[in-house]
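>>> predicted coordinates and the sequence they were generated for:
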Amino acid sequence: MDRTQIENILAEFRRNVNAVQATGLGQAIGPAYPAFLGRCLSMMSGNTGQEDEVLTAYLSEFPTETTLAERKLLFSFFLNYWEGSRHVLEVGPFLGGTSRAIAMGMLHSPNRHDGTRLHTYDRFREYYGADQLLATPAPMFEAGILNDEVREVIRENSSFKEVYELLHRGHDYSDLIEAHIGVLPDDPDQPGDPADAFALPEDREYSAVFVDGAKSWFGTKRFMSLALAHTRPGSYYIFQDYGAHTCFWIPVFLELLKEHFQLVTYVDHTYVYQQLDEVSPGAVAAVFPDSPLELSVADFRRIFRDLYDTALEYDNTYTLLNYQLQHAAALAYLGHLDEARDRIVALLKTPHALRHRQWILNALRTPTYRPDGNINFF
Ligand SMILES: C[S@@+](CC[C@H](N)C(=O)[O-])C[C@H]1O[C@@H](n2cnc3c(N)ncnc32)[C@H](O)[C@@H]1O
């Protein structure tokens, strides 16, 4: 079989998978289906290997904290599954590796209506200092993708919004992105400039939401409560940190509100859920307190026991390991450091977990973080 024949088979395979997904029959295939779909969405992008190579390079230009498979999933997801008549919301683009993947998918989507946009929000500061911000895209300066104008903008501004806007200027997808400053509070009483606070215009609706800036328990609660007031049933929520061992609040949020969300697909640490019904801020507040400290060790044991069951049902030992690390993270957050550390160390002797030894070692270094900094065992 030659290369063209293989490419044709792969392209047809993808078309068939999309057709199955569109009928809703995929879920009937069973609990392994979401993982299968994620792998399909993150394989070859475009119709040929050459198209895939060009797009892969384009989606890899910016420094990013996502994997290539995650960005390809975003591209394919917005190309094929976004309904296109309502806007897209992103929180936490950093320099926009994920924004580009989403916007490229939107650009080529046959569903896209004129006027729909990717509205991306970030606090656009205090993530990296100017030196680190200059060092991070060093290869882009060397390759000439970034010029001295960007270097000056980074030096002169404490915000990186200007850099973000420069990076995304002059591309086919540029007009689709609108960047906004929006700071999510880490606790209900966090002081701050109300003008910078994360808020959404009342009359704007979104049908897909990408979450990568919900870096605290309360920030997640605030973001989800506000976003859910602007999405209807059928909308998608894509969580980049779902599998991150530190961010236990994301899977806990979805577990506590599980009757409102259905898992669609996932790859690596990015999980896509579909909203099943209207979810009011009251429904969120009823089950998700302002702080994890309002839940007990027994509450977390019950929540994670159910999550472990789900991972076993999906037959996914990588997700199981992530839940085990997140359970330890929750215990560490509550101050039960010895038990948290023992649980992580035990994973170093557990066959299914050992394949991902590096994550276990990372969790031993930093099990999780609070708004005031990392928690440490040693
Ligand atoms: C992990 S980075 C995002 C990576 C990015 N999506 C990519 O493509 O690689 C997290 C982003 O969340 C933003 N962020 C963190 N805390 C925030 C907060 N409280 N409010 C708004 N944005 C926040 C940071 O400024 C940063 O840009």
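All right, it came through fine.

>>> please count neighbours and contacts with C-alpha atoms only from this point.
OK.

>>> ranges for the strands of the stretch 251-378 of the chain?
Listed in chain order, the strands of the stretch 251-378 of the chain (DSSP state E, counting those that start in this stretch) span 261-267, 270-275, 369-370, 373-374.

>>> now do stretch 324-334: distance to the chain's middle.
On the basis of C-alpha atoms, centre = their mean, to the nearest Å, stretch 324-334 sits 20 Å off its chain's mean C-alpha point.

>>> show me the contact partners of it.
Stretch 324-334 is contacted from outside by 244-248, 292-293, 297, 300-301, 304, 308, 337, 339-341, 343-344, 360, 363, 367-370, 375, using C-alpha atoms under 8 Å, 6 or more residues apart in numbering.

>>> quick one: name the residues of the stretch 1-150 of the chain near the ligand.
By the rule C-alpha under 6 Å from any ligand atom, the part of the stretch 1-150 of the chain lying against the ligand is 64-66, 92-94, 96-98, 122-125, 127.

>>> neighbour-wise, which one of these leads?
Tallying neighbours with other C-alpha atoms under 10 Å puts Thr98 at the head of these, with 29 neighbours.

>>> in what helix or strand does it lie?
Applying DSSP states H and E as the criterion places Thr98 in helix 97-108.

>>> quick one: buried residues of that helix?
97-107 (16 or more other C-alpha atoms under 10 Å).

>>> which one is Asn80 nearest to, not counting chain neighbours?
Nearest residue to Asn80 in three dimensions, chain neighbours excluded: Ser109, at 6.5 Å (C-alpha to C-alpha, 6 or more residues apart in numbering).

>>> confidence score at that neighbour?
With respect to pLDDT, Ser109 scores 97.

>>> likewise Pro289?
Residue-level confidence at Pro289 comes out at 98, pLDDT.

>>> residues in contact with it?
Leu295.

>>> can you name the residues in contact with stretch 66-85?
Against stretch 66-85 from outside (C-alpha under 8 Å, 6+ apart): 18, 38, 41-43, 45, 56, 59-60, 97-98, 101-113, 116, 207-208, 240, 267-270.

>>> average pLDDT for that stretch?
Across stretch 66-85, the per-residue pLDDT values average to 97.

>>> where's Asn47, which helix or strand?
Using DSSP H and E, no helix or strand contains Asn47.

>>> tell me who's in contact with the nearest residue to it once chain neighbours are set aside.
Spatially, and ignoring its direct neighbours in sequence, Asn47 is nearest to Ala11 (5.5 Å; C-alpha to C-alpha, 6+ apart). Contacts for Ala11 (C-alpha under 8 Å, 6+ apart) come out as 46-48.

>>> switch to 10 Å and redo it
With C-alpha atoms under 10 Å, 6 or more residues apart in numbering as the criterion, the residues that contact Ala11 are 5, 17, 44-48.

>>> for the residue lying closest to Arg123 once chain neighbours are set aside, list each beta-bridge partner.
Spatially, and ignoring its direct neighbours in sequence, Arg123 is nearest to Val183 (4.7 Å; C-alpha to C-alpha, 6+ apart). On the basis of DSSP bridges, Val183 is bridged to Ala197.

>>> quick check, Val183 in contact with Pro191.
No. With contact defined as C-alpha atoms under 10 Å, Val183 does not count as touching Pro191 (11.0 Å).

>>> so which of these two has more stuff around it?
Set Val183 next to Pro191 and count neighbours by other C-alpha under 10 Å: Val183 wins out with 24 against 9.

>>> what's near enough to touch that one?
Contacts of Val183 (C-alpha under 10 Å, 6+ apart): 91-92, 121-125, 192-199, 213, 219, 223.

>>> show me which of those residues are buried.
91-92, 121-125, 198-199, 213, 219, 223.

>>> selection in ChimeraX covering whichever of the contacts of Ala11 are buried, please.
Applied in ChimeraX, the following selects the buried portion of those according to 16+ other C-alpha under 10 Å:
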select :17,44,45,46,47,48
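
>>> can you redo the contacts of Ala11 as JSON lines with pLDDT?
JSON lines is the format used below for these (pLDDT from 0 to 100):
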{"residue": "Gln5", "pLDDT": "92"}
{"residue": "Val17", "pLDDT": "90"}
{"residue": "Met44", "pLDDT": "85"}
{"residue": "Ser45", "pLDDT": "88"}
{"residue": "Gly46", "pLDDT": "84"}
{"residue": "Asn47", "pLDDT": "84"}
{"residue": "Thr48", "pLDDT": "89"}
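
>>> check the contacts of Ala11 and tell me the two furthest apart.
Largest separation among those by C-alpha to C-alpha: Gln5 and Val17, giving 18.3 Å.

>>> Leu73 in helix, strand or coil?
Under DSSP: H, G, I helix; E, B strand; the rest coil, the three-state class of Leu73 is helix.

>>> neighbours of it, how many?
So Leu73, with other C-alpha under 10 Å, has 28 neighbours.

>>> where's it relative to Gly38, distance?
To Gly38, Leu73 is 7 Å away according to C-alpha to C-alpha, to the nearest Å.
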